[in-house]
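Engineer: Build the 3D model from these lines:
(chains A, B, C and D)
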Protein chains: 4
Amino acid sequence: MADRIRLGMVGGGRGAFIGYVHRIAARLDDDYVLCAGALSSDPERASESAADIGLARSYASYAEMAEAEAELDDGIEAVAIVTPNHLHFPTAKAFLEQGIHVICDKPLTVTVREAEDLMRLAEEKNRILAVTYNYTGYPMVRHARDMIARGELGEIRVVQAEYVQDWLAEPIEQSGQKQAAWRTDPAQSGAGGCIGDIGTHAYHLASFVTGLEVEAICADLTAFVGGRRLDDNASLLLRFENGAKGMLWASQVAIGNENALSLRVYGDKGGLSWCQEHPNELMVAAIGEAPQRITRGSQAAGEAAERVTRIPAGHPEGYLEGFATIYREVAQAIRAHRDGAAPDSAVSFPTGEDGLKGVAFVEAAVHSSAGGTVWVEL
Amino acid sequence: MADRIRLGMVGGGRGAFIGYVHRIAARLDDDYVLCAGALSSDPERASESAADIGLARSYASYAEMAEAEAELDDGIEAVAIVTPNHLHFPTAKAFLEQGIHVICDKPLTVTVREAEDLMRLAEEKNRILAVTYNYTGYPMVRHARDMIARGELGEIRVVQAEYVQDWLAEPIEQSGQKQAAWRTDPAQSGAGGCIGDIGTHAYHLASFVTGLEVEAICADLTAFVGGRRLDDNASLLLRFENGAKGMLWASQVAIGNENALSLRVYGDKGGLSWCQEHPNELMVAAIGEAPQRITRGSQAAGEAAERVTRIPAGHPEGYLEGFATIYREVAQAIRAHRDGAAPDSAVSFPTGEDGLKGVAFVEAAVHSSAGGTVWVEL
Amino acid sequence: MADRIRLGMVGGGRGAFIGYVHRIAARLDDDYVLCAGALSSDPERASESAADIGLARSYASYAEMAEAEAELDDGIEAVAIVTPNHLHFPTAKAFLEQGIHVICDKPLTVTVREAEDLMRLAEEKNRILAVTYNYTGYPMVRHARDMIARGELGEIRVVQAEYVQDWLAEPIEQSGQKQAAWRTDPAQSGAGGCIGDIGTHAYHLASFVTGLEVEAICADLTAFVGGRRLDDNASLLLRFENGAKGMLWASQVAIGNENALSLRVYGDKGGLSWCQEHPNELMVAAIGEAPQRITRGSQAAGEAAERVTRIPAGHPEGYLEGFATIYREVAQAIRAHRDGAAPDSAVSFPTGEDGLKGVAFVEAAVHSSAGGTVWVEL
Amino acid sequence: MADRIRLGMVGGGRGAFIGYVHRIAARLDDDYVLCAGALSSDPERASESAADIGLARSYASYAEMAEAEAELDDGIEAVAIVTPNHLHFPTAKAFLEQGIHVICDKPLTVTVREAEDLMRLAEEKNRILAVTYNYTGYPMVRHARDMIARGELGEIRVVQAEYVQDWLAEPIEQSGQKQAAWRTDPAQSGAGGCIGDIGTHAYHLASFVTGLEVEAICADLTAFVGGRRLDDNASLLLRFENGAKGMLWASQVAIGNENALSLRVYGDKGGLSWCQEHPNELMVAAIGEAPQRITRGSQAAGEAAERVTRIPAGHPEGYLEGFATIYREVAQAIRAHRDGAAPDSAVSFPTGEDGLKGVAFVEAAVHSSAGGTVWVEL
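Structural biologist: Sure, this is the predicted structure:
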């Protein structure tokens, strides 16, 4: 498009999974042009990584980049932050201070205080602070939320959320697997392991879809793999503001599961279930009626799904498309910001507030578990 | 068969679901002949119900029946008890005292003390006391247990059990649905609603398959439907003797679920999952390998499954066959008892001890929840 | 029940799969009592097999049995024929001539002429001639037929039937597997292999559910396994009387398939699909609407399913229950016959006419294929 | 990337589905930059469509564009052709004559002669002629092909291909639906309707995966919807060069199916099945063993899948990614061509020869059906 948004990236050098994903997500709908980056904290690696992808401007550090880009006439308008967790805060802070919009991977920060600081800063500077809880970009997740908002499930009673993987079933962090190493290191990940890495996605998804806040949790966090310093399995009971009850299970040692994020919600009029590994369908049951399989792109999928749907029913959209939808929604907000306007009311993406709640959730879970798996209010 | 076992039944009159099931289960493998019954506490209904099924001897009460049958040369050798829960205890007691084997529906009793009394009595009288946790009769459940016993999953880390229905999503007990009425009445069901009616099945299944005892639970029981006196949703955290962690969800208000009992178990070498609604298959994943779909009757299903399999792979066996397997196993034990022998070591059915554990589990769950969802040891 | 029907059996000795199935099917609903049998053409085996199951009267041959039973006051009222195919005709003939109802496994005979003779004889003698196309006993098959009869799918356009197995992927008949040996032997099976053994089930199911006759077929039969004398794979195009088009695939060499009988039907208003391996559900799609999963026992399953349903939704019924339904329906017809009445109009089971059509179908398929896979009218 | 390939597009203006898809596919891996287009045969629409997407150079016709681009120093190196079928030939011809690589949607042309001409021309000009049989871009399709090539299924016996939709179940072409209008118009689509639009995909997929040529077909094409001039349902028997037998069903009137392309292949050692709507998994069964579910990104998926896999297992890739893979593979070939080299031997995309075979298949199917559904050699 003619008015592509100028984007920068911090983190995401060679071999980094999530940086690669963010770049495709930014590119897919042609809303952004990637201009600048500090792709690695290792300057040489940063430079080589930038060359790999034909990046116009490469920096040795995020701090240098934030300052330099702010000086340029055609400097970046937004930055994607895809570093290990502990660097999210200083990086986001540096760019917000220069008036550059921030798109940050989750968790937003490693402490609640940091998250609050970023929220405050974004507000002061009137800049966008988005957090890529990417799973909310799936069309059928949008449809699920919309059905509940319209009351089709009635009053919500029960919420079951899961996010289950198996890639940490063995101590691969001890033999140099880089992704595993930082995720199991408290210094880089924060106090939560599995609960922070994936449990927050499940938590956010449950709130996003139901529109309900979790009031209290009771968490049992376990590190099953010998020598591991952070939890690799988390079992939680949840209580929601309206009296609904829930359970959340996150695990990275459940052999046979790849990326099994799922949500089931039950109200007094109906129930629904959705699984990330088959994201194009939503099972819905109204009381007393045969369950329906509602598919992305079909007539049965409503407007909320339709506006984030690219291709027809039966042509599966996947993880990258869902991720790209977050970028697309943020792009709409940035364009509105350029014009000094508010974005269209249908635009939806996770914000700093969502990021803060996620960090608070992780803190509370760690606190609950450390206390003997007792109830903790959020 | 020439030496069919003479069976009686208490409960199971017209319109009773579970009595009908027990009769088919007893008949399916031709191991029993049903001779006598006290099919209803209402004498007229008892008599008519007996006529419906061409029963040789009909009684007005279980007490009368126990005495009379014990006097007969060809009196019943075993009795099936399929009354509401609160009558299990006095009925079982009456027949055991007469030296008649007992096959009792679950829960064995409504208090732990009663269950203990029955266990003691059965031992004193040297009679069989079986409890129809029927889901353990499914061949693929047997195979799952066998795999774990042989160490194929390694050390067990995580156990996720669910038993979810939706038939009590509305207050149908208030409009005369008989099955609902007694199940939601503490006087007939005991202190547990959903947790006792179906949660115990999930609990038993988890222990049966893993071979592990649950040491402590933390339970959140809820009655969502207005006016209901017993829980219709139960969320539990579990801790197992070996350090494994688990979750158990039982619900009768999860709209869109019919009889969704499922179990997932994860060890350090592999994982498995099984769902009662598709009982002929077991999904198994060894670490680092593609998940396998092991089916009843196939070469991949081992001996433990094979000995309770009737027909070839792809010809689905269902609920009645699984239930009948419990009866068949008990029949083998009764025949051995006739001969003063021990049954074949492969024979397996839930006993009074299993029944006792189930009752203790329900009591603990009620206690935990009443105390604010705190940890309670079993 | 008080008025159980006295049943005999021909075939079904030790190790025979289908005889065992017929016995359970006859017993399951308590409508029959098995009194007499000629369980094997080998007299010793016949006698031992009879002893195994506690049979009252054992015969050395079907001919002797038919004569003897007809003489008895309490002789059998019906006989189940479960021999290899080539013996169906003489056996059924012998019993019908004695005025004994016949329940014959499929295919009814090995030639059309024989089938016509049996139909004529049954009519002359006013006796029931039933053929156990057992898959029509499944409740959701009944519901599918009922939906189509009521016009819910509109005018039928396309019918896709499959029956796929893999147990003959290797030449197991050459190493003494008895089931395989007679099924691949033209002398015992007739001219059709896979097409006769399982293709007929798919053909019958397609007609039963749609209510439409197949007018012409174009068949490609193949024996893939070296040395095999009968087809083990059959691919057919079908043309129906109303202009609908169809395909039928039967195979016993499709590795990974156990007993995958399935049917998909599409009209101008909707479509449906059903698979025997998951028989308790029927997927239905009305044009422009989300597909529904209709389950046995649910409110969405109509009366036609309900009358052959035993237990609630979510408690799977399987192959034996479906098979038993055929026996139960025949029992109702036999009881009506005792009273000189017609059975209830809802009673439905495959008859001699269905058996004849099945045999004609196999003959036509063999003829089509032998002629170079050309169109042959039925 | 620094050396992005300069791409043009013919067709794909406002509202065109497949043009939009090609643009995303070209962009996703950052291998191309779209510079020029003749996006519509209506000049005003062409111009507006070009403005929508910020296209540098917009032309009123493909002829003008081919000439003009060839003159430019930085003219396009390749063109994507996404017009209705009848324009594929003249457009491709115009660009090949100018030495511009062609990426053409399928079917390549509407007659065999045209396809042969294009193949000859591409060879003369030493330019790439690619046809977007996009479904071969899915990683698990690549893995299926690779398994068969390595002999894991043994000698192939049976091939079952389907491509089933429902969007033409009603005569929507008569009420102005543009996609339906040209697809059901012989002047724009050629002699095949459903068989050409989607049947060719299934045909190509079957050959691609098995590595086998179809030798003869027997086709029954039907137009079920009143007034429709081209087939909307096609049933075919297939014979392969090695003696394997197959069936192919294509339909656009099978209500309840969205885009159900599937393939099942059976050899004497194993079988596999794959469905486009769940493209990230491949079911594989070796004889006598439990079926496996092999997933994209897992260790069990081999190198052939790995090299076209972007993101980890459990993070679904979809239709756009599969399509993008075709573009990525062509990009590698174009880069090699720039250097006067052959592309890496692992590079794989459908070529003019595949396009020609597809057109020949459609012609043969139409011929077979018109002759009364007789066998026709390919």
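
Engineer: what residue of chain A is the furthest out?
Structural biologist: residue A:288 (35.5 Å; CA atoms, centre = their mean).

Engineer: looking at this, that one is in a helix?
Structural biologist: No: using DSSP: H, G, I helix; E, B strand; the rest coil, the assignment for residue A:288 is coil, not a helix.

Engineer: Not counting sequence-adjacent ones, nearest residue to it?
Structural biologist: residue C:299 (5.4 Å; CB to CB, 6 or more residues apart in numbering or on different chains). Using the backbone N, CA and C atoms, a C-beta is placed for each residue, glycine as well.

Engineer: Name all residues that make contact with the residue nearest the centre of chain A.
Structural biologist: Among the residues of chain A, the one closest to the centroid is residue A:133, at 1.7 Å (CA atoms, centre = their mean). Residues near residue A:133 by CB atoms under 8 Å, 6 or more residues apart in numbering or on different chains: A:106, A:200-201, A:204-205, A:208, A:326, A:350, A:354, A:358.

Engineer: Model confidence score at it, please.
Structural biologist: Here the pLDDT value assigned to residue A:133 is 97.

Engineer: For the closest residue to residue A:126 other than its chain neighbours, give me its contacts.
Structural biologist: In space, and not counting its chain neighbours, residue A:126 is closest to residue A:337: 7.9 Å by CB to CB, 6+ apart. By CB under 8 Å, 6+ apart, the residues touching residue A:337 are A:101, A:126-128, A:343.

Engineer: Next one: residue A:337 relative to chain D, how far apart?
Structural biologist: For residue A:337, the distance to chain D (CB to the nearest CB, to the nearest Å) stands at 20 Å.

Engineer: List the buried residues in the one helix or strand that residue maps to.
Structural biologist: Per DSSP states H and E: residue A:337 is located in helix A:319-338. Within helix A:319-338, the residues scored as buried using 16 or more other CB atoms under 10 Å in any protein chain shown are A:319-335, A:337.

Engineer: so after that helix, what's the next helix or strand?
Structural biologist: helix A:352-370.

Engineer: what's the burial count for residue A:266?
Structural biologist: Neighbour count for residue A:266, taken as other CB atoms under 10 Å in any protein chain shown: 29.

Engineer: That one: helix or strand, and which one exactly?
Structural biologist: strand A:260-267.

Engineer: Is there any residue in the very next helix or strand once past that strand that contacts chain D?
Structural biologist: Counting by DSSP H and E, the next helix or strand C-terminal to strand A:260-267 is strand A:270-275. No: on the criterion CB under 8 Å from any CB of the partner chain, strand A:270-275 is out of touch with chain D, staying 10.2 Å away.

Engineer: The stretch 51-200 of chain A: strands as residue ranges?
Structural biologist: Under the criterion DSSP state E, counting those that start in this stretch, the stretch 51-200 of chain A carries strands at the ranges A:57-58, A:78-81, A:101-104, A:129-131, A:156-164.

Engineer: any chance of those in TSV, with distance to chain B too?
Structural biologist: Below are the strands of the stretch 51-200 of chain A laid out as TSV (distance: least, CB to the nearest CB, whole Å):
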stretch	distance to chain B
strand A:57-58	38
strand A:78-81	33
strand A:101-104	31
strand A:129-131	28
strand A:156-164	5
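
Engineer: Let's have those strands in a markdown table, adding mean neighbour count and distance to residue A:263.
Structural biologist: Output for the strands of the stretch 51-200 of chain A, formatted as a markdown table (neighbours: other CB atoms under 10 Å in any protein chain shown; distance: least, CB to CB, whole Å):
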| stretch | mean neighbour count | distance to residue A:263 |
| --- | --- | --- |
| strand A:57-58 | 18 | 40 |
| strand A:78-81 | 28 | 26 |
| strand A:101-104 | 26 | 23 |
| strand A:129-131 | 28 | 19 |
| strand A:156-164 | 26 | 5 |
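
Engineer: Of all these, which one is nearest chain D?
Structural biologist: Of all these, it is strand A:156-164 that lies closest to chain D, at 9.5 Å by CB to the nearest CB.

Engineer: In contact with residue A:266: list those residues for me.
Structural biologist: A:153, A:156-159, B:251, B:253-256.

Engineer: And for residue A:366?
Structural biologist: A:191-192, A:195, A:219, A:221.

Engineer: which among the residues you listed gets closest to residue B:50?
Structural biologist: Residue B:50 lies nearest to residue A:219 out of those, by CB to CB, at 55.0 Å.

Engineer: how about that closest one, secondary structure?
Structural biologist: Applying three-state DSSP: residue A:219 is strand.

Engineer: Dig out what it forms beta bridges with.
Structural biologist: The bridge-partner assignment for residue A:219, based on DSSP bridges, gives residue A:236.

Engineer: Run a quick neighbour tally on it.
Structural biologist: Count around residue A:219 with other CB under 10 Å applied: 30.

Engineer: still on that earlier bit, please identify which helix or strand holds the residue nearest to residue A:288.
Structural biologist: Using DSSP H and E, residue C:299 falls outside every helix and strand.

Engineer: Look at it and say how many residues are nearby.
Structural biologist: Counted with other CB under 10 Å, residue C:299 comes out at 13.

Engineer: Residue A:340: neighbour count?
Structural biologist: 7.

Engineer: again but with residue A:99, I slipped
Structural biologist: By other CB under 10 Å, 13 other residues sit near residue A:99.

Engineer: what's near enough to touch it?
Structural biologist: Taking CB under 8 Å, 6+ apart as the test, what residue A:99 contacts is A:70, A:125, A:127.

Engineer: repeat that with 6 Å
Structural biologist: residue A:125 (CB atoms under 6 Å, 6 or more residues apart in numbering or on different chains).

Engineer: now it: how far from residue A:351?
Structural biologist: 18 Å (CB to CB, to the nearest Å).

Engineer: and if you look at residue A:281?
Structural biologist: 28 Å.
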